[in-house]
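Novice: Provided below are the primary sequence and the corresponding predicted coordinates.
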Amino acid sequence: MSATVKKRALSAPLALLFAFPLIASLLFALSGVFDIQAWQLLFAHPQLWPALGLSIFTGLTSAALSLLFAVFLVGGLYQSAWWQRLSLPTGAMLAVPHVAVAIGLSFLIMPSGLLARVFAVFTSWTEPPTWITNHDPYGLSLIAALVLKETPFLMWILISILNRIDVCHSFAGQRAVGLSLGHSTASVWLHIYLPQLLPKLVWPLLVVFTYAATVVDMALVIGPTQPPTLAVVVWVDINDAIVTSNARGSVGSVFLTLMIAMVAMMVWLVAKVVFSQREWLTWGPGPRDLIRPSGTFSRGEGQIQPPPFSFGEGARKGRMRSLVTLSKVKFILLIFLYIFITAILLLLSFAPLWPFPNLWPETLSIAAWSRIGDNPWALITSLILAILTTITALALVIGWMESQPQTRDRLVTVLSAVALGVPAILLALGQYRAFLQLGITGTTFGLFIAHLVPVTAYMFIVLVGPYRSFDSCWRASAFGLLASFPRFLWMIKFPLLKAPILAASAIGFAVSFGQYVPAQLIAAGRYSTLPMEAVTLTSGTNRPLTAAFTLLLMVPPLLAFVAAAYFGKSRWSKA
Amino acid sequence: MLNRRSLLRFAALAPFLPNMAFAADWSAIETEAKGQEVYFNAWAGADNINAYIAWAGEQLKERYGVTLTHVKITDTAEVVKRVRDEVNSGKTDGSVDLVWINGENFRTMKVEKLLFGPFTQALPNFAFVDTVGKPTTLQDFTESVDGLESPWGMAQFTFFGDGAKISNPPKSMMELAAFAKANPGRVTYPAPPDFHGTTFLKQAMVELATDRSIFAKPIDKDVFAEVAKPWLVFLDELRPSLWREGKQYPKSQAEITQMVADGELLIGLTFNPNEPANLVAAGTLPKTTIAWQHAAGTIGNSHFVAIPTNAKAKAAAQVVANFLLSAEAQARKNDLKIWGDPTVLDLTKLSGEDAQQFASLPAPGSVIFPGPAILEPHGSFVPLIESTWLDHYGKG
């Protein structure tokens, strides 16, 4: 009995350091929800409905397109020659901050941007064209930036699921069955793999949708302006000095959250109905379409290790190949865009003046970089915080999952969804007021908790699927061999779950490294982190400094993802 | 009879008595300030300003033993909310000792009694402030300062652009509209409630009004509707010639400045008349940049530093405010190569040597067509201007 009690106690830190501050923040954030006058003001806001429409539209469209691209890319490259090398570039793309993508893409497509300058060489324009590209009224450029950023995230999730040894084995078996019944690889993907993968993607997709529908920094850089997305409307209100505007902003963010939850619920229900019809099984390219001519089985197909793509004959073989090639081309294009964006940022960081239609900056200066060198402490603080919060969050999450039955995961999942789903600025304000009551604003502990909460939420969402699907046979075998519980964890479970654990840690590190609004409020000016320095400095005109800081924000998470991808490689993959 | 209460009342009046009587008190404040740490919450979007504050910190450490920590913020409204929350929750050792402030944020803090003071008249260097020639040092957006904030610098709405592209800059709102018509898509203003955007709209309203006296007093909705009529006609007419046909607006003045530098827009706007010159010096704007103000005047104001009522280091905060008013600090701030923020001091009140420090050579990007300063309209105009604009132009 005492062992059970002791084991249950492993979940206490999570309750104390994650659930408690989060619930307290939420209560304080929602304390203004019964302000009738604020609701009246909100519904009288002339931009409310168009802005809400834009938020939902950009959120849904970018989530759907990201999913489509991610599935297409991962599906096309699964078990191809590139498969083992895929997680490294994907992780690297994941590390690029959202706002960096927005700035880079902006400078590419805006009327005085690089594309227009290239055109100007041929058309001899002296003034930028009056294109409507960035800040377009429908949010299309915002959607493009979001898709560019979220596709690698979903790919990363898919890859970490597919790389799990249990999935690897069961999928190989299912594939053998599918092929035996005459289905092509594409058909196996569509009819067998995808239905199993999609349920595992529900939470990541919700995160993507919520993020896209509530993002402020990207929307300010590249999104529509009049009306803007609702998140921006709310953000402007919450930042106002006038109390009634703050109240309207608070209920506005509650309203936005409710609408997002409603839309997500509707999408989920529709998906459920569609999938329960089971007609999707025959929808799309089916066995008749993609059936391979019989008698083309080569030996070895029934083995656990799936055969490469390039079998089959004639047109079907060609079609399969072109599908893989298309995925490869798309993946290279994606990587190229990221490299290009990074290069643009690098160039901008040295270019105080770069007027249209010049293809190269008029002057180059290292002023921005030397400015950053003046204060290395912000960077150091951010690094220490990121490392500490990632380790703590990992301990909290694993402590929970090892001590609680799976049925209780719902509690933490809902809390995590709240932490990620409620617009950051509302939750941050609630957190600030809660921490003020606890007397921990302006303290190291307060700053630590402010970083820990979102890190834990992200890591839980990312880790819960892989961790809970861990095959219990391993455990039974280990205990059968009289291994102790800690020994089983260290020698069997953690090594087998190495890839998802490292992936989640890399995400946690990046999330901590990017915290701004909650950190800024809780720090009360007593501490300075890199995002705080970056965001405050970039509220001015200095584009080189903005670019330099954006790049600097990119590097540590990039290293974390590269490390996760490198060390997370499964040992058996080389066999 | 002299009881405790009347003594307190006397103490409250004290700052308004002549400075001489307080020389002793001031040195007491300086003594108390030694070793204190001042958390100065100031907008940090320009690294030249941050560098100036860092310089002030070094001087204060050396001369008064005061540690000045620059808390970098993007929006002063954050600080107003922070102080309000702290005061409401009974936190007496507040996180803010000094805040860079003016206008609406000041009015909010004053009305909600979030400010310490009056203290400014007791600052020894306040005697050199040009309160007559620069009335905005006493009237912040028509709100009486009442000694609750110490003036720091001057601002006047100013336009700028590339002199190589603009030979004859528009010197009134009407001329600006004509310029926009001749150069469609090359002029715009930030969407309110960005404060430069709101100022542009105020400027238009003041220029178009027949009777300017109404701007000094609180305004009610019906009178505003009348004043707004010619203003809306003007804005409607201007709109189709604006950037993106006035359907989209940049979010900030900084974004417009960048677009001017890139060549996408022809005219930028700023509240610091020396900002264009400063940006030329920094290499962000071309050397051919020119700046101008409207012939009939543009809106001007002052910016200040204030001490929250729950500040922890009130004595040291006053020492900082006093130092920022010194001829040396003001002259350095005035220097185009440092910051270029105009001084609040009356140079004739300074010694010849001190006044000498302010002399500067004309620099590229300086204002070539200056106009007189117009007082800010009363604060009650702001919400009406913003909501009316949003109703008309906020829906795309």
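Specialist: Yep, that arrived. Note that the structure is a prediction, hence the values are computed from the model and not measured.
Novice: Check what contacts stretch A:368-377 and list those residues.
Specialist: For stretch A:368-377, contacts defined as Cβ atoms under 8 Å, 6 or more residues apart in numbering or on different chains pick out A:349, A:350, A:528, A:533, A:542, A:544, A:545, A:547, A:548, A:549, A:552, B:47. The C-beta positions use only the backbone N, C-alpha and C, and glycine is treated the same way.
Novice: how about the residues you listed, which pair is most distant?
Specialist: Greatest spacing in the contacts of stretch A:368-377, by Cβ to Cβ: A:350 and A:528 (24.8 Å).
Novice: Residue ranges in the chain under the pLDDT threshold?
Specialist: Just so you know, I chose chain A. Across chain A, residues meeting the criterion (pLDDT under 70) sit at A:1-6, A:277-320, A:538-539, A:570-575.
Novice: look at chain B instead
Specialist: Residues of chain B that meet the criterion pLDDT under 70 lie in B:1-24, B:396.
Novice: which residue is nearest the middle of it?
Specialist: residue B:303 (3.6 Å; Cα atoms, centre = their mean).
Novice: Ok, chain A next?
Specialist: A centroid search over chain A (Cα atoms, centre = their mean) returns residue A:153, at 4.6 Å, as the residue closest to the centre.
Novice: Name the SS class of that residue, please.
Specialist: Assigned with DSSP: H, G, I helix; E, B strand; the rest coil, residue A:153 falls in the helix class.
Novice: just the strands in the stretch 251-396 of chain B please.
Specialist: In the stretch 251-396 of chain B, the strands defined using DSSP state E, counting those that start in this stretch lie at B:267-270, B:289-292, B:298-306, B:367-369, B:373-374.
Novice: so what's the nearest residue to residue B:197 once chain neighbours are set aside up against?
Specialist: Of all residues not flanking residue B:197 in the chain, residue B:190 sits nearest, at 3.7 Å (Cβ to Cβ, 6 or more residues apart in numbering or on different chains). By Cβ under 8 Å, 6+ apart, the contact list for residue B:190 reads B:196, B:197, B:200, B:249, B:250, B:251, B:252, B:253, B:255, B:256.
Novice: for residue B:139, same thing?
Specialist: B:145, B:375.
Novice: What's the separation between it and chain A?
Specialist: 19 Å (Cβ to the nearest Cβ, to the nearest Å).
Novice: That residue and residue A:175: what is the separation?
Specialist: 79 Å (Cβ to Cβ, to the nearest Å).
Novice: And residue A:439, by the same measure?
Specialist: As judged by Cβ to Cβ, residue A:439 and residue A:175 stand 59 Å apart.
Novice: Also residue B:301?
Specialist: 72 Å.
Novice: what's the residue in the stretch 201-350 of chain A positioned nearest to chain B in contact with, if anything?
Specialist: Nearest to chain B, among the residues of the stretch 201-350 of chain A, is residue A:241, at 3.9 Å (Cβ to the nearest Cβ). Each residue near residue A:241 by Cβ under 8 Å, 6+ apart is listed here: B:76, B:77, B:80, B:81, B:104, B:105, B:108.
Novice: Closest one to residue A:231 out of those residues, please.
Specialist: Residue A:231 lies nearest to residue B:77 out of the contacts of residue A:241, by Cβ to Cβ, at 17.8 Å.
Novice: contacting residues around that closest one?
Specialist: Residues counted as contacts of residue B:77 (Cβ under 8 Å, 6+ apart) are A:239, A:240, A:241, B:105.
Novice: follow-up on the earlier one: I'd like the strands of the stretch 251-396 of chain B as TSV, with distance to residue A:557 appended.
Specialist: Listed next are the strands of the stretch 251-396 of chain B as TSV, based on distance: least, Cβ to Cβ, whole Å:
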stretch	distance to residue A:557
strand B:267-270	35
strand B:289-292	39
strand B:298-306	38
strand B:367-369	45
strand B:373-374	48
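Novice: The residue lying closest to residue A:517 once chain neighbours are set aside: what secondary structure?
Specialist: With sequence-adjacent residues excluded and distances taken as Cβ to Cβ, 6+ apart, residue A:517 is closest to residue A:428, at 4.4 Å. Under the three-state scheme (three-state DSSP), residue A:428 adopts helix.
Novice: give me every residue that touches residue A:428.
Specialist: Neighbouring residues of residue A:428 by Cβ under 8 Å, 6+ apart: A:25, A:517, A:518, A:521.
Novice: again, but for residue B:369
Specialist: B:169, B:171, B:292, B:293, B:295.
Novice: Could you count how many residues lie near the second one?
Specialist: Neighbours of residue B:171 under the rule other Cβ atoms under 10 Å in any protein chain shown: 17.
Novice: I'd like the distance from the residue nearest to it when sequence neighbours are not counted to chain A, if you could.
Specialist: Spatial nearest neighbour of residue B:171, chain neighbours left out: residue B:295 (4.3 Å); criterion: Cβ to Cβ, 6+ apart. Using Cβ to the nearest Cβ, we find residue B:295 at a distance of 27 Å from chain A.
Novice: Next, count neighbours for residue B:295.
Specialist: There are 14 residues near residue B:295, going by other Cβ under 10 Å.
Novice: just checking, it touches residue B:173?
Specialist: No - in this structure, residue B:295 is not within contact of residue B:173 by Cβ atoms under 8 Å, at 10.9 Å.
Novice: Quick check: which element contains the residue nearest to residue A:249 when sequence neighbours are not counted?
Specialist: Computed as Cβ to Cβ, 6+ apart, the closest residue to residue A:249 that is not its neighbour in sequence is residue A:237, at 3.0 Å. Using DSSP states H and E, residue A:237 falls within helix A:230-239.
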